[in-house]
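Peer 1: Here's a sequence, model it:
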Amino acid sequence: MLGTALLLFAAAATPCENLASLRLADATITSAVIVPEGPPPARGSGAGGARGAGGPPASGGAPAANIAPPANIPAHCRVQLTLNPTSDSMINMELWLPVQNWNGKFMGVGNGGFAGSIQGRTNEMPDALRRGYATAGTDTGHQEPGGDWAIGHPEKMIDFAYRSTHEMTLKAKEIVKAFYDQPAKYSYFKGCSTGGRMALMEAQRYPADYNGIIAGSLANRHIHMWTAGVARSIELSRHPERNLTAENAALVNQTVADACDTLKEGFLNNPRQCTVNFSKLLCAAGKDDDTCLTAAQLRTVNTFYGGVKNAKGELIFSGQALGNPIPALRGTNQAPVGVFDIVRIAFNDPNLDWQKFDLDRDMPIIDKALGYVDSVNPDLGAFKHRGGKLLLTHGWADTGITPENTIWYYDSVLDKMGRNQSDWMRLFMAPGMGHCGGGPGVNTFDSIGTLENWVEKSVAPDQMIGRGADGLTRPLCPYPQYAEYKGIGSLRDVANWACTAPATKGTGK
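Peer 2: So this is what the prediction gives:
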């Protein structure tokens, strides 16, 4: 009987068109229509459409050459809403409700960059709908790129930080219950980049919203990440002697490849199993050419991989993983467009003089003004105690947001809650995967199915099978384990790899 109820509408369910008259607190349903089976929305077809600098690669849109177009999405009831939890709030959201074969579950999805549109409409929501989920996304409360929308609008910044996701979740659950005449049995959230920050914020602030959460490529230190970008840009403009030429960058990258890519795959299977002493590239006294690095240039390289730190040596934001190439770096005399938005928002000044920025002086001010945007609270006890499961993922080849940042947060939770939390939280690092996908190595894996088995069947994931181009398969292992090559057979065959604990010192693997 339950199966029949999930396959078709229940007799007492609210017809799609009648949802438009549903009364919700601080919200207005602007449209509720049946959308027949067909292709998913093209990229940029939703409200807004721009993404902030540093966000994940956009998805959807016209297919590239030799790539099949995305599969159709099932017929569904498309509900559009505007949420107004405050007088200065305008949060757009969409909820898609499958008209047949509903799996009895709900999935909220996240965004990238500074959001500004319902980005999940082009990728995550179609995938969830194909799996039978009722699914929702939001523009996080603004409809513009960049950060001008937040200057002078503190409530909109709060919407972006956490309120929009929570309000979206509450309204979606109400409508799901009205439409199907029963609540969702399980609720999941999936987000990457800014969506990873949104995912963690739900676990930290609203532990009852979701049974399971997938948080990828974490932008959870959003404020520190953007401020560190400002600091790097300004330091290079003030100290041109620290600039790196393309030849300098190539020297560094070749040094890393020679030391670490011993399997010659073109990416590192586990960057933490390798160490590189960049001081060996230091120019001899009196020498300054592209075959070595000056002390000033060496400082730039160490910051790139070691992270941005203040004068006290405190880490502001993590550095890149080995194997992710350092680019040619050169300061300019122009304002660091985009990355400076966070500082302008914190000081509530659209005309702030970027040349006067001082990391040691300004970072505490920025933290005080906007620290609530960062989802860095390591105490997830309430989420754990409710039976929640947290699946963290990140690609080792992510040059958009360093994978070291996700490890930083994972370790902070263990430091706070105890070293063994594997019964409810696990981290999987994907070799060769870029920002939220792509890259030369493993770039797809079934995180949703993995989480469903964990939450619904109590099957904790000991590994996930990752896939890449040209038939590449490799096990993804619960961090700090990693996949180690057995020494025989194709490197591209999952059967020739096994999950293993890391060595205590760099080995070059």
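Peer 1: so what's Phe428 bridging to?
Peer 2: Phe428 has the following beta-bridge partners by DSSP bridges: Thr393, Pro478.
Peer 1: low-scoring stretches of the stretch 401-509 of the chain, by residue?
Peer 2: Low-confidence regions of the stretch 401-509 of the chain, defined by pLDDT under 70, span residues 504-509.
Peer 1: which residues in it form helices?
Peer 2: Taking DSSP state H, counting those that start in this stretch as the criterion, the stretch 401-509 of the chain carries its helices at 403-417, 447-457.
Peer 1: Outside of the shortest one itself, which residues are in contact with it?
Peer 2: Outside helix 447-457, the residues within contact range by CB atoms under 8 Å, 6 or more residues apart in numbering are 107, 127-128, 131, 186, 188, 190, 211-214, 216, 387, 389, 391, 393, 459-461, 464. All C-beta spots, glycine's among them, are computed from the backbone N, C-alpha and C.
Peer 1: ok so, going back, with distance to Ala42 and mean neighbour count as extra columns, can I get the helices of the stretch 401-509 of the chain in JSON lines?
Peer 2: Below are the helices of the stretch 401-509 of the chain laid out as JSON lines (distance: least, CB to CB, whole Å; neighbours: other CB atoms under 10 Å):
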{"stretch": "helix 403-417", "distance to Ala42": "31", "mean neighbour count": "19"}
{"stretch": "helix 447-457", "distance to Ala42": "23", "mean neighbour count": "18"}
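Peer 1: Out of those helices, the one nearest Pro98 is which?
Peer 2: Judged by CB to CB, the one of the helices of the stretch 401-509 of the chain that comes nearest to Pro98 is helix 447-457, at 15.3 Å.
Peer 1: just to revisit the earlier point, so which of the contacts of helix 447-457 sit within helices?
Peer 2: Using DSSP state H to define helices, the subset of the contacts of helix 447-457 located there is Asp127, Ala128.
Peer 1: I'd like to know which of the contacts of helix 447-457 are buried.
Peer 2: Applying a neighbour-count criterion of 16 or more other CB atoms under 10 Å, the buried members of the contacts of helix 447-457 are 107, 127-128, 131, 186, 188, 190, 211-214, 216, 389, 391, 393, 461, 464.
Peer 1: List the ones among the residues you listed that fall in strands.
Peer 2: Mapping the buried ones among the contacts of helix 447-457 onto strands (DSSP state E) picks out Met107, Tyr186, Tyr188, Lys190, Gly212, Ile213, Ile214, Gly216, Lys389, Leu391, Thr393, Met464.
Peer 1: quick one, what contacts the residue sitting furthest away from the middle of the chain?
Peer 2: Computed with CA atoms, centre = their mean, the residue of the chain farthest from its C-alpha average is Gly286, at 45.2 Å. For Gly286, no residue meets the contact criterion (CB under 8 Å, 6+ apart).
Peer 1: In three-state terms, how would it be classified?
Peer 2: Recorded secondary structure, Gly286: coil (DSSP: H, G, I helix; E, B strand; the rest coil).
Peer 1: Tell me the spacing between it and Ser193.
Peer 2: Distance, Gly286 to Ser193, by CB to CB, to the nearest Å: 46 Å.
Peer 1: For the residue most central in space within the chain, give me the pLDDT.
Peer 2: Per CA atoms, centre = their mean, the C-alpha nearest to the average position across the chain is that of Ser193, at 1.9 Å. The confidence metric pLDDT takes the value 98 at Ser193.
Peer 1: show me what contacts it?
Peer 2: The contact partners of Ser193, by CB under 8 Å, 6+ apart, come to 55-56, 110-113, 216-219, 400-401, 435-436.
Peer 1: Then Leu359?
Peer 2: Contacts of Leu359 were listed using CB under 8 Å, 6+ apart, and they are Thr227, Ala231, Val308, Asn310, Ile316.
Peer 1: Redo the residues you listed as a markdown table? Include neighbour count.
Peer 2: Output for the contacts of Leu359, formatted as a markdown table (neighbours: other CB atoms under 10 Å):
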| residue | neighbour count |
| --- | --- |
| Thr227 | 26 |
| Ala231 | 25 |
| Val308 | 23 |
| Asn310 | 14 |
| Ile316 | 18 |
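Peer 1: quick one: which two of those are the most distant?
Peer 2: Pairwise distances across these peak at 10.6 Å for Thr227 and Asn310 (criterion: CB to CB).
Peer 1: where do the contact lists of those two overlap?
Peer 2: Common contacts of Thr227 and Asn310, defined by CB under 8 Å, 6+ apart, comprise Ile316, Leu359, Met363.
Peer 1: from those residues, which ones fall inside strands?
Peer 2: Assignment to strands by DSSP E places the following of the shared contacts of Thr227 and Asn310 there: Ile316.
Peer 1: Which of the shared contacts of Thr227 and Asn310 sits closest to Thr82?
Peer 2: Minimum separation from Thr82 among the shared contacts of Thr227 and Asn310 (CB to CB) is found for Met363, which lies at 35.7 Å.
Peer 1: what's the burial count for the closest one?
Peer 2: Applying other CB atoms under 10 Å, we find 23 residues neighbouring Met363.
Peer 1: helices and strands around the helix or strand encompassing Thr82, which ones?
Peer 2: Counting by DSSP states H and E, the element that carries Thr82 is strand 76-83. Packed against strand 76-83, as judged by 3 or more CB pairs under 8 Å, 6 or more residues apart in numbering; DSSP states H and E, are the following elements: strand 27-35, strand 91-98, helix 164-180.
Peer 1: Tell me which of these sits most buried.
Peer 2: strand 91-98 (a mean of 25; mean count of other CB atoms under 10 Å).
Peer 1: And the average pLDDT for that one is what?
Peer 2: Averaged across strand 91-98, pLDDT comes to 98.
Peer 1: what's the answer for stretch 245-257, then?
Peer 2: Mean per-residue pLDDT for stretch 245-257: 97.
Peer 1: what's the answer for stretch 73-81, then?
Peer 2: Stretch 73-81 shows an average pLDDT of 98 in the prediction.
Peer 1: Regarding the closest residue to Phe357 other than its chain neighbours, what is its secondary structure?
Peer 2: With sequence-adjacent residues excluded and distances taken as CB to CB, 6 or more residues apart in numbering, Phe357 is closest to Ile234, at 5.5 Å. Reduced to three states with three-state DSSP, the structure at Ile234 is helix.
Peer 1: And for Ile234, the neighbour number?
Peer 2: 21.
Peer 1: correct me, but it touches Asp353?
Peer 2: No. Here Ile234 does not reach Asp353: they are 11.3 Å apart, not a contact under CB atoms under 8 Å.
Peer 1: Tell me which residues touch the closest residue in space to Glu484 that isn't next to it in sequence, please.
Peer 2: When the adjacent residues along the chain are set aside, Glu484 lies closest to Thr500, with 4.3 Å between them (CB to CB, 6+ apart). The neighbours of Thr500, taking CB under 8 Å, 6+ apart as the test, are Cys477, Gln481, Tyr482, Ala483, Glu484.
Peer 1: Repeat that for Asp148.
Peer 2: With contact set as CB under 8 Å, 6+ apart, Asp148 has these partners: Asp341, Pro350.
Peer 1: cool, Ile326 as well?
Peer 2: Neighbour list for Ile326: Leu244, Ala249, Val252, Asn253, Val301, Phe304, Tyr305, Gln320 [criterion: CB under 8 Å, 6+ apart].
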